[in-house]
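Enquirer: Starting from these lines, generate the structure:
(one chain, ligands or ions: 1)
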Amino acid sequence: MKTVEQIILIVDDDKANRKMLKELLQEQAKIIFAKNGKQAKELAKKHLPDLILLDVVMPDISGFEVIDTLKNNDKTMNISVIFITGLANDDDEERGFNLGGCDYIYKPFKPNIVIARVMMHLELIRQRKMLDEIAHIDALTGVNNRRKMDLVLKNEVAAIKYKHSNLLVAILDIDYFKQYNDGYGHGAGDVALRQVGQALREIFVRPRDFVARYGGEEFVIVLPDCDKASATIMLSNIVQAIQDKKIKHQYSSVSPQLTVSVGAVVVQSSPSVAVADIMKKADDLLYQAKNDGRNQYCLAELNQPSRLPTAPDVA
Ligand SMILES: Nc1nc2c(ncn2[C@@H]2O[C@H](COP(=O)(O)OP(=O)(O)OP(=O)(O)O)[C@@H](O)[C@H]2O)c(=O)[nH]1
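Expert: Okay, here's the model as predicted:
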């Protein structure tokens, strides 16, 4: 099966080897090349290939040093690496595995063995990615789950410590959802949760915008590079978009349609900001939005609480 979406980085200082490996593997994946260790590190970071075929003895830095760097970097640590080398002895082979290599092929290599091993690893990588996706998706709504949210939030908060940018973190909670379940049944409640998840997925389409089901009838939204002005627009859109779904809720005290309340924090770039503080603040603001009548958002900047106008009720 041709798998063009997978990428193999071939690293070898010998042009003839690069050419031969390309001819063997171009049916299995997209091939990119590096002719030395320095270039290998750069291309691995830039393209995040699925698999690297890595020579060990090269004129600048060795393949062992390359893998050491890649395995110690959060972005590249999960890339699979197969050594393909003339260092055909047990000690070097053992060292390659200890450094995180997933296979070790001796040169001169046998073409059919290279193809078979690479295909096996590409299949393992595909399966690992699929499992990874399943492990991070909420089965009911199809949005990300709490586990993925914890990872993303940790990374995004770490990112704003070092660059001058803002992050919006919002907790969204469906209003009077217990009454919805009690009135229409748990099955209908599940359908409504899916509709809310779908509405949020339709709004947030930038690659780094993130929506997760936090638990129960709560969702979390994380928007990088979002200042207070943009946040007010996004939050109005969210409240409005849920109303626009026109999900009937005759048991709600706030509207004949299903509505949501949102607590949201714009986090400024700061070296001391902590995920727990952000979530606590967003939760307090959600509580405030509920107390102030529901079907609205409540927004503040971290350390500088301030109430902004809410979205109009068009129920
Ligand atoms: N159908 C369905 N209901 C759920 C799910 N998870 C949590 N719930 C329900 O969500 C409801 C949440 O109720 P409460 O926490 O009392 O909140 P609420 O009724 O929305 O009231 P406010 O938040 O104050 O507006 C409970 O009835 C839960 O059973 C789920 O996966 N499916």
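Enquirer: can I assume Val262 sits in a strand?
Expert: Yes. Counting by DSSP: H, G, I helix; E, B strand; the rest coil, one finds Val262 located in a strand.
Enquirer: excluding its backbone neighbours, what's nearest it?
Expert: Tyr297 (3.9 Å; Cβ to Cβ, 6 or more residues apart in numbering). In this view, the C-beta of every residue, glycine as well, is placed from N, C-alpha and C.
Enquirer: Check the burial of the residue of the stretch 101-250 of the chain at minimum distance from the ligand by counting its neighbours.
Expert: Nearest to the ligand, among the residues of the stretch 101-250 of the chain, is Gly189, at 2.5 Å (Cβ to the nearest ligand atom). Counted with other Cβ atoms under 10 Å, residues neighbouring Gly189 total 18.
Enquirer: ditto for Leu153
Expert: Per other Cβ under 10 Å, the neighbour tally for Leu153 reads 19.
Enquirer: that older thread, who's in contact with the residue of the stretch 101-250 of the chain closest to the ligand?
Expert: Applying Cβ atoms under 8 Å, 6 or more residues apart in numbering, we find Gly189 in contact with 177, 180-181, 217.
Enquirer: Same question for Lys281.
Expert: Lys281 neighbours (Cβ under 8 Å, 6+ apart): 263, 265, 300, 302.
Enquirer: Which PyMOL command selects the buried ones in those?
Expert: To isolate the buried members of those in PyMOL, using 16 or more other Cβ atoms under 10 Å:
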select buried, resi 263+265+300+302
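Enquirer: Return the closest of the contacts of Lys281 with respect to Glu123.
Expert: Of all the contacts of Lys281, Glu123 sits closest to Val265, with 43.1 Å by Cβ to Cβ.
Enquirer: Confirm that the residue of the stretch 101-250 of the chain closest to the ligand sits in a helix.
Expert: Yes. Counting by three-state DSSP, Gly189 is located in a helix.
Enquirer: gap between it and His249?
Expert: 11 Å (Cβ to Cβ, to the nearest Å).
Enquirer: Residues that sit against both of these two, list them.
Expert: By Cβ under 8 Å, 6+ apart, the residues touching both Gly189 and His249 are Tyr180.
Enquirer: Say whether the ligand is contacted by stretch 222-239.
Expert: No. For a cut-off given as Cβ under 6 Å from any ligand atom, stretch 222-239 has no contacts with the ligand; the smallest distance is 13.8 Å.
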